[in-house]
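Enquirer: how would this look folded up:
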Amino acid sequence: MFKKYLFTLALSAATLLGGDFHLFDVPNAEGKITPAVIEKGLENAGFVISANTEMNGPFKIQFQQSDFTVFNLLTAYHKNHAATLVKSHPDAGIFVPMGFGIYQRNGDKNLHVSVLTAAAMKKIAGFDAPEFALIEKEVLAALKKALPDAKVRASDSSLPASGPLLSRYVKASSAESWASDKEATEMMIEDGLKPAGFVMSNFTDYNFALGEESPFNFYDTYSICKLKVIYTAAKTRPEAAAFAPCTLMVYKKKDADEIVMGFPGVYNWMSSARIEDAEAKAALMQAQKDFEAVLESAAE
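Expert: Below is the predicted model:
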């Protein structure tokens, strides 16, 4: 038996007044500013880079074209603030790592970077914590230093969410069985991803990073993406790249009798990035359905 929790945080009037992304626009007609510049800036600010994945190659292989000269998915987490946050609020692991969309459309003279605001992270996670603002402060400072000529703006106001922002599954476990339960659960997840068309771009043993004082038996995060979803969404809303790849958390606290699995749902894409294109919405909803099926099977 397993329990499934779906959290939808009602959007307040204050939320509706502001967008969920910080957007950086920097002149780059000559292509001198690369994703590596942004990666280095984040590293210098105390972030651990999980992956910096170039997507144009995969786009051209699978879809025979790309609308972009640059399209990278960078994922990272702050070494200190993320640890404090996850220890006090375990479900914050959906942002370990967090995403940065880096893109420049064909013919565009500007490079763009998108990243979630602290308010958006609170909304998705379903709780408040001071570390969200601290991480946001470090992100903005790092990007402004790496991209000194960039203009920074807020994205358009989000749309009302049409579904759960966080999908969360719980499976019974115990102090005696957690190791074998972990192995079985994660094997079911990994075996289910590929047939459903998902690709795992990165795996993080976050418990190793937390060290001996970790309150968890284990804490793993998977960076999961579906190429068709990213490609289709980017046609109209490339800033949604900040949600890709999706971070799936799988953990067990030492004082709990359950394994928790969770991921930010595709309803975030449609709400925060204002995705209304029918083809993109269909691809997102299929990904949500497929991802839920994998976790439901693993939680049985």
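Enquirer: Okay, buried residues for stretch 195-211 please.
Expert: 198, 201-204, 206-207, 209-210 (16 or more other C-beta atoms under 10 Å). C-beta: built from backbone N, CA, C; applies to glycine.
Enquirer: And the contacts of it?
Expert: 48, 50-51, 53, 73, 75, 79, 83, 86-87, 93, 96-97, 190, 193, 214, 216-228, 245, 251, 287, 290-291, 293-294 (C-beta atoms under 8 Å, 6 or more residues apart in numbering).
Enquirer: now those residues: which count as buried?
Expert: Buried by 16+ other C-beta under 10 Å: 48, 50-51, 53, 73, 75, 83, 86-87, 93, 96-97, 193, 214, 216-228, 245, 251, 287, 290-291, 294, out of the contacts of stretch 195-211.
Enquirer: Could you grab the helix/strand/coil label for the most far-flung residue of the chain relative to its centre?
Expert: Most distant residue from the mean C-alpha position of the chain: residue 176, 32.1 Å away (C-alpha atoms, centre = their mean). Under DSSP: H, G, I helix; E, B strand; the rest coil, residue 176 falls in the coil class.
Enquirer: how about it, phi and psi?
Expert: Main-chain torsions, residue 176, degrees, to the nearest 10: phi -80, psi -30.
Enquirer: So which residues of the protein form strands?
Expert: Taking DSSP state E as the test, the strands found in the chain are 2-7, 21-27, 47-54, 68-78, 98-105, 110-116, 151-154, 166-172, 199-205, 216-225, 246-253, 258-264.
Enquirer: Pull up the pairing partners for the last one, direction included.
Expert: Read that as strand 258-264. Take DSSP bridges as the rule and strand 258-264 pairs in its sheet with strand 166-172 (antiparallel), strand 246-253 (antiparallel).
Enquirer: Let me have the strands of the chain in CSV, extended by mean pLDDT and distance to residue 235.
Expert: Formatted as CSV, the strands of the chain follow (pLDDT from 0 to 100; distance: least, C-beta to C-beta, whole Å):
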stretch, mean pLDDT, distance to residue 235
strand 2-7, 46, 28
strand 21-27, 98, 17
strand 47-54, 96, 18
strand 68-78, 98, 10
strand 98-105, 98, 10
strand 110-116, 98, 15
strand 151-154, 97, 21
strand 166-172, 95, 25
strand 199-205, 93, 20
strand 216-225, 96, 16
strand 246-253, 97, 19
strand 258-264, 97, 21
